[in-house]
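Visitor: Dropping a prediction and its sequence here:
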Amino acid sequence: MSTGDLLYSDTEDALRDSVRQLFAEQCPPEVVARAYDPAPQDFSGVWRRLAGELGVAGLLVPESLGGAGASAREAAVVMEEIGRAVAPVPFLSSAVLATVALLRAGATETLSALAEGELTAALVVPLSTAPGDPIAGVSSDADGLTGAVSSVAGAAEADVLVVPVAGADGLELHTISTDAAGVEVSPLLALDMTRSLANIQFSAASSTVIGPGADAAVAAALETGAALLASEQLGLAQWCLETTLAYAKQRKQFGRAIGSYQAIKHRLADLWFEVGSATAAARYAADTSAREDPDASIAAAVAQAYCSGIAVHAAEECVQLHGGIGMPGSIRPICTSSGPRAISWRSAPPTAIGPGWPAW
C-alpha cells in the first residue's frame, strides 16, 4: 500500500488558480443568483470554457483517449472551486459520474467526445443513489428501452445518457442521445437550482449497448462521485468560513467589531476546526481514490458522512452571523445585497443527499 499525501501539489495549486479565476470572471455571485430567476441564466458558456480552455472535462480520461490522464486528486481541486463559487456546471454529473462509468465499461468513442468537451453526459440513476445501493435499471426488449428514472443530476443539459439496463444476464450499460425518439427529459424545480435535476422517461427508445457487467462500472462511478462530492462540500464550507470571518472583523455593533465578542469567537473557532477536519477527510478520500487504495471505499463514506453535515452547518453559520440577511432570497433587494450567502445556504442541504449521502 502506498503512502497518502494530503497536501496540494504545485500542479493542483495551478489548476485551482485557473479554475478560480474563470469562475470569478464568469460566475460571480450576482450572476449565479440568476439561476433562480423565472427565466434562468444560461451557464452553458461557462462549461464550454471550463471544458475546452482548461480541459477539466477530460481530467479522468486517459491521454490515449484525448483526456488529461489526471486523477481524482485534480478532479477534487475542481470540485472544491465549484463548491466555493456554487458554479452551475455539470462537472460532477458528466466529467465524474458518467465518465467513470463509461471508462470502466470501455466506451472509448464516447469518452473521447466527453474529454474534448464536445458532449456532456449523465449517469441515469437518482442523485441520492449511494455506492452499493441496488440499481434496478430500466427494462429492455426488442422495441428498445422502457421505464422511468427520477431525480437524475445533469440530465437536463446532457447530450448523452448513460443508462443502467436490467439485462438477462445482469446489469448492462447503454448509451442513448437525449434527443432520441422515445426519450423524454423533464426538468425538476429543485431547492438547489445550480445542480439541475430531471425525471427521465423511456418509451421504446433505441439505444447502444456498451456491454454487460455494468454493476462494477456503476459502483465505481458512484464511489468516485461520493468521494469528490465531499470536496465540493468542503469548498462551500471554506468559502462560508472565510467570508463570515472577514465580515465579523469589519462589522461593528455597539462600537466594536462583532468578531471581538466571545460568543462569536467561539462559533467561528468551532467552525474553523470543523472545516479543517473536513479538509482532511475530503483530501484523504480523493487521494485514496486516485491511488485505488483498499481504503478508498471507507474514505469516501467517511468524507461524505462528515463533509455533508459541515457544509450545511457552515452555510447556516454564514447566514446567521451575517444577521440573517441571506435568508429571504425571494426579496430581490435583500437577495442582491446578500446573494452569496443565500445561494450557499440553498446549495448546502441538497449536496448532503448526493452520491453516498450520510446514511450510507
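Guide: It's in. Residues are numbered from 1 along each chain as shown.

Visitor: Can you name the residues that contact Ala281?
Guide: Counting by CB atoms under 8 Å, 6 or more residues apart in numbering, Ala281 makes contact with Ala230, Ala299, Val302, Ala303, Tyr306, Cys307. In this view, the C-beta of every residue, glycine as well, is placed from N, C-alpha and C.

Visitor: Show the pLDDT at it.
Guide: At Ala281, the pLDDT value in this model is 98.

Visitor: Check the secondary structure at it for me.
Guide: helix (DSSP: H, G, I helix; E, B strand; the rest coil).

Visitor: go on, Gly67?
Guide: coil.

Visitor: which residues of this protein score low on pLDDT?
Guide: 1-3, 324-360 (pLDDT under 70).

Visitor: What segments of it are helices?
Guide: Along the chain, the stretches classed as helices by DSSP state H are 10-26, 29-32, 44-52, 72-85, 99-105, 108-115, 214-250, 262-291, 296-321, 332-337, 339-351.

Visitor: Figure out which of those is closest to Val185.
Guide: Across the helices of the chain, Val185 has its closest neighbour in helix 44-52 (15.4 Å, CB to CB).

Visitor: Can you check what angle separates that closest one from helix 108-115?
Guide: Inter-element angle recorded for helix 44-52 and helix 108-115: 120 degrees (by axes from the mean of the first three to the mean of the last three CA atoms, to 10 degrees).

Visitor: ok, how many other residues are close to Asp169?
Guide: Per other CB atoms under 10 Å, the neighbour tally for Asp169 reads 7.

Visitor: so it sits right up against Gly211, yeah?
Guide: No. At 10.8 Å, Asp169 and Gly211 do not qualify as touching, with contact defined as CB atoms under 8 Å.

Visitor: sorry, back to before: for the contacts of Ala281, which single residue is the most surrounded?
Guide: Going by other CB under 10 Å, Ala230 tops the contacts of Ala281 with 36 neighbours.

Visitor: now that residue, nearest residue through space, not along the chain?
Guide: In space, and not counting its chain neighbours, Ala230 is closest to Ala303: 3.6 Å by CB to CB, 6 or more residues apart in numbering.

Visitor: re the thing from before, out of the contacts of Ala281, which one sits closest to His322?
Guide: Cys307 (22.2 Å).

Visitor: Now do the contacts for Ala248.
Guide: So Ala248 contacts Ala257, Ile258, Gly259, Ile264, Leu268, Leu321 (CB under 8 Å, 6+ apart).

Visitor: go with 10 Å
Guide: Contacts for Ala248 (CB atoms under 10 Å, 6 or more residues apart in numbering) come out as Ala257, Ile258, Gly259, Ser260, Tyr261, Ile264, Lys265, Arg267, Leu268, Leu321, His322.

Visitor: Mark which of the residues you listed are buried, thanks.
Guide: Ile258, Gly259, Ile264, Arg267, Leu268, Leu321, His322 (16 or more other CB atoms under 10 Å).

Visitor: Among those, which one lies nearest to Leu54?
Guide: The closest of these, once distances to Leu54 are taken by CB to CB, is His322, at 31.9 Å.

Visitor: Now find how far off-centre stretch 267-278 is within its chain.
Guide: Chain-centre distance of stretch 267-278: 22 Å, with CA atoms, centre = their mean, to the nearest Å.
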